[in-house]
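In: Build the 3D model from these lines:
(2 chains)
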Amino acid sequence: MSTAGQNGDNGIVPGVARQVAAVPASSFRWRPACEAVLIPACAVLAACLVFGIFCLIQGRNPFDVFAAIHKAAFGSFYSFQNTLVRAAPLMLTALCTALPARLGLVVIGNEGAMVVGGLAATAAGLGVTSQPAGVLLTVMAAAGALGGGCWMMIVAALKYLRNVNETISSLLLNYIAIALMSHLVNGLMRDPASLNKPSSFPIPEEKMIPAIGETNIHWGLFIGIAACLIAWVLMEHTTFGFKVRMVGGNIRAARMAGLAVTRLGIVTCLLAGAAAGLAGMIEVAAVHGRANESLNAGYGYAGILVAFVARHRGLPILLVSILLGGILASGGILQREFKLPDATILLFQGMVFLAILFSDSLYGRFKIFKEGGA
Amino acid sequence: MNTESIGWWGVVVGILAGALRGGTPFLLVSLGECITEKSGKINLGLEGSLLLGAMSGYAVSHHTGNPWAGVAAAGLMGAVLGAIHAWLVGRPGVNDIASGIAMLIFGSGVAFYFGKPYIQPSAPQLPPVPLGAWSDTPQIQSALKISPLFFVGVALAFFMAWFLKNTRWGMQVRAAGDAPAAARALGISIDRIRLLSIVCGGSLAGLGGAHLSLFYPGAWTESISSGQGLMAVALVIFARWDPVRCLMASLIFGGAQAVGPSLQAVGISTGYYLWNAAPYVLTLLVMVISCSPKRSLIGAPGALGSGS
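Out: This is a model prediction of the structure:
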């Protein structure tokens, strides 16, 4: 599976080599920038077209379906709140795939890191329930980030010290994390009052992350936005990010240049896991109030989708998370108004993902996007 | 030993039954992943093929009344998903792991979408092969009621080992996986070899799904798979890309899955949920031990994960 120095440009981070070349700020390259926006946008449109045809075959008016999705996701302030609440964990779990991807690692351990983060946050939070809300939430956030970070650090350590393939190890760790959570919420941490859905003891409701003003949106959204912005600055505009992208571009050249590849990898995975861990903490501290199987409700795997659609960049992740959050939020209305199964959304997601991957093979194919081209 | 006080033997029998019943989907999916990876690409989307196979197998069996028609449909639908994956990863710049996850989402989306009406109705099941008829103990009898697809899997494992080692086509598959550049220089069409291998792999995963919905647990639900399709990738590493060792690995994994429930049946429920993690921890340990910075995994196809 993992061959030594497999890193290279394995298709996820094309264009890194071009970025590495120093470009003066004054000569912003419009054409490549347009390529990076237009190709994924066209892919999403193509997926919408296919989905529309699918709706037509199923006997629903595709325009009505899209109008309903739009209405349920962005139509009113109330529905937009719903979208944003779903987008918050997506932003964070997407970073868990996006950051290591810049190093050339394909990490899919989002779900596991989120579960471990949620568990660690709950465990730490339950220890300090008597403290004021500010202290409680800070402790929970720190524990969540640390838990998720350490979990992903295992992946990086195994990769660089033992050459264990990061994709497989992170996938295995997902299952181990979920088993660990089942063990804890059915045993040590179990609240005897939770009968149908075994859960941990709850954290005090009045100390949970509050909603913003009169809305349903909680402050966790701002943690997500801040994390994406920080990731953007860190990866695109600091020497650390430059080093990471250099490793992703050509690991041998990076080693030759004297970069501490192992340390960079471990730190990047720590940050990635911390982001997913925070997602788990937010789900516990703002939505569920306790740790249970709702933690692995699929935000982890959806985060992988977001990261790939956003091509692993911080700012696009913000946008794509909100879009996908909207699509997720519209599942109910498709069921109620169109009698479509709830899996319709999953199907749509799959189509978008496939179209985006197909579009990966189109970069550099169109002359019009080349600098000085036609 | 009489029927009532089978006692601790119940644990052994339970694990044995788990190995044979729960190991069958592992076996079929891991063989599918094995042939896929031998040709140089990874398919993480076999979980999608498995789910779609389970759904379409159940649906066709329900409508035609013939479970074997269901098995054929399952294999066919698995192959269709495999073909999409193969076509995508054959294009330049498409990452096979990402494509696998997309196939996982897409395949389960299709399966859940069209499977909604089949959650309630019943479908004719595959007839079991009763190897336990010699015993008077009902537990042993029921443990040895074996899925016919298990025998298909065992036969396929040996056939695949022979095929890869001794035939011209098998050599071409290995060449595409080990040294694509050399194979191309010999005039072998890598794309065609990989397409066929991945389609066969998807079809085998579909059969694994048919075992789930048409034999054990024997009904179509959305939670029918406990990640067997994703685990296939780990299993193949565990088996070091050898079809016959895939058989051993599948039995071990099937048995490991049954340890928790079997212990619970005799009243030991400590660590019930932790036992669920046993196969994954085992695989991770095997990987940690058998990898080293100096060399890649023994038996791994050379081109795997290199993007070529």
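In: List the buried residues in stretch A:251-271.
Out: If you call a residue buried by 16 or more other CB atoms under 10 Å in any protein chain shown, then stretch A:251-271 has these buried ones: A:251, A:254, A:259, A:261, A:264-271. Just so you know, the C-beta spots here come from the backbone N, C-alpha and C atoms, and that holds for glycine as well.
In: and those as CSV, adding distance to residue A:304?
Out: Putting these into CSV (distance: CB to CB, whole Å) gives the following:
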residue, distance to residue A:304
A:251, 22
A:254, 25
A:259, 27
A:261, 24
A:264, 22
A:265, 19
A:266, 21
A:267, 21
A:268, 17
A:269, 15
A:270, 19
A:271, 17
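In: the longest helix in the chain is where?
Out: Using chain A here. Ranked by residue count, the top helix of chain A under DSSP state H comes out as helix A:133-162.
In: Wait, chain B was what I had in mind.
Out: Assignment by DSSP H; longest helix in chain B turns out to be helix B:190-214.
In: after that one comes which helix or strand?
Out: Secondary structure here is assigned by DSSP states H and E; on that basis, the next helix or strand after helix B:190-214 toward the C-terminus is helix B:228-238.
In: which secondary structure elements does that next one contact?
Out: Contact here means 3 or more CB pairs under 8 Å, 6 or more residues apart in numbering or on different chains; DSSP states H and E; on that basis helix B:228-238 packs against helix A:166-185, helix B:23-38, helix B:46-64, helix B:190-214, helix B:243-265, helix B:278-290.
In: Can you lay out the ones you listed as TSV showing distance to residue A:302, mean neighbour count and mean pLDDT?
Out: Supplementary listing: the helices and strands packed on helix B:228-238 in TSV, determined by distance: least, CB to CB, whole Å; neighbours: other CB atoms under 10 Å in any protein chain shown; pLDDT from 0 to 100:
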stretch	distance to residue A:302	mean neighbour count	mean pLDDT
helix A:166-185	14	25	92
helix B:23-38	24	31	96
helix B:46-64	15	29	96
helix B:190-214	23	28	96
helix B:243-265	27	22	89
helix B:278-290	22	19	85
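In: what number of residues lie near residue B:65?
Out: By the criterion of other CB atoms under 10 Å in any protein chain shown, residue B:65 has 11 neighbours.
In: and it, what is it in contact with?
Out: Neighbour list for residue B:65: residue B:124 [criterion: CB atoms under 8 Å, 6 or more residues apart in numbering or on different chains].
In: Look up phi and psi at it.
Out: For residue B:65, the backbone dihedrals are phi 80, psi 10 (criterion: degrees, to the nearest 10).
In: And for residue A:109?
Out: Taking degrees, to the nearest 10 as the convention, residue A:109 sits at phi -90, psi 20.
In: Now it. Nearest residue, chain neighbours left out?
Out: residue A:170 (3.0 Å; CB to CB, 6 or more residues apart in numbering or on different chains).
In: quick one: that neighbour and residue A:107 touch, right?
Out: Yes. Look at residue A:170 against residue A:107 with CB atoms under 8 Å: they come within range, at 4.9 Å.
In: what is in contact with those two at once?
Out: Counting by CB under 8 Å, 6+ apart, the residues touching both residue A:170 and residue A:107 are A:152, A:155.
In: Okay, and the residue most central in space within chain A sits in which element?
Out: Residue closest to the mean C-alpha point of chain A, counted by CA atoms, centre = their mean, is residue A:94 at 1.3 Å. Using DSSP H and E, the secondary-structure element containing residue A:94 is helix A:77-102.
In: one step back: export the helices and strands packed on helix B:228-238 as CSV, with columns for distance to residue A:292.
Out: Rendered in CSV, the data for those read as follows (distance: least, CB to CB, whole Å):
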stretch, distance to residue A:292
helix A:166-185, 6
helix B:23-38, 28
helix B:46-64, 24
helix B:190-214, 26
helix B:243-265, 19
helix B:278-290, 21
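In: and residue B:225, which of the ones you listed is closest to it?
Out: Each of those has some distance to residue B:225 by CB to CB; the shortest is helix B:46-64, at 5.5 Å.
In: Dump whatever helix or strand comes next after that closest one to PDB, keeping only the CA atoms.
Out: With elements assigned by DSSP H and E, the helix or strand that comes after helix B:46-64 is helix B:67-89. What follows is helix B:67-89, C-alpha atoms only, in PDB (Å, rounded to 0.1, in the frame of the first residue of the first chain):
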ATOM      1  CA  PRO B  67     -33.100 -15.800  -4.700                       C
ATOM      2  CA  TRP B  68     -30.500 -16.800  -7.300                       C
ATOM      3  CA  ALA B  69     -31.900 -14.200  -9.700                       C
ATOM      4  CA  GLY B  70     -31.300 -11.800  -6.800                       C
ATOM      5  CA  VAL B  71     -27.700 -13.000  -6.500                       C
ATOM      6  CA  ALA B  72     -27.200 -12.300 -10.200                       C
ATOM      7  CA  ALA B  73     -28.700  -8.900 -10.000                       C
ATOM      8  CA  ALA B  74     -26.500  -8.100  -7.000                       C
ATOM      9  CA  GLY B  75     -23.400  -9.000  -8.900                       C
ATOM     10  CA  LEU B  76     -24.500  -7.000 -11.900                       C
ATOM     11  CA  MET B  77     -25.200  -3.800  -9.900                       C
ATOM     12  CA  GLY B  78     -21.900  -4.100  -8.100                       C
ATOM     13  CA  ALA B  79     -20.200  -4.400 -11.400                       C
ATOM     14  CA  VAL B  80     -22.000  -1.200 -12.700                       C
ATOM     15  CA  LEU B  81     -20.700   0.800  -9.700                       C
ATOM     16  CA  GLY B  82     -17.300  -0.700 -10.300                       C
ATOM     17  CA  ALA B  83     -17.400   0.400 -13.900                       C
ATOM     18  CA  ILE B  84     -18.100   4.000 -12.900                       C
ATOM     19  CA  HIS B  85     -15.200   3.900 -10.400                       C
ATOM     20  CA  ALA B  86     -12.900   2.300 -13.000                       C
ATOM     21  CA  TRP B  87     -13.800   4.900 -15.600                       C
ATOM     22  CA  LEU B  88     -13.200   7.800 -13.200                       C
ATOM     23  CA  VAL B  89      -9.800   6.500 -11.800                       C
END
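In: so what does helix B:67-89 touch, helix or strand wise?
Out: helix A:343-360, helix B:46-64, helix B:96-115, helix B:190-214.
In: Great, nothing more from me.
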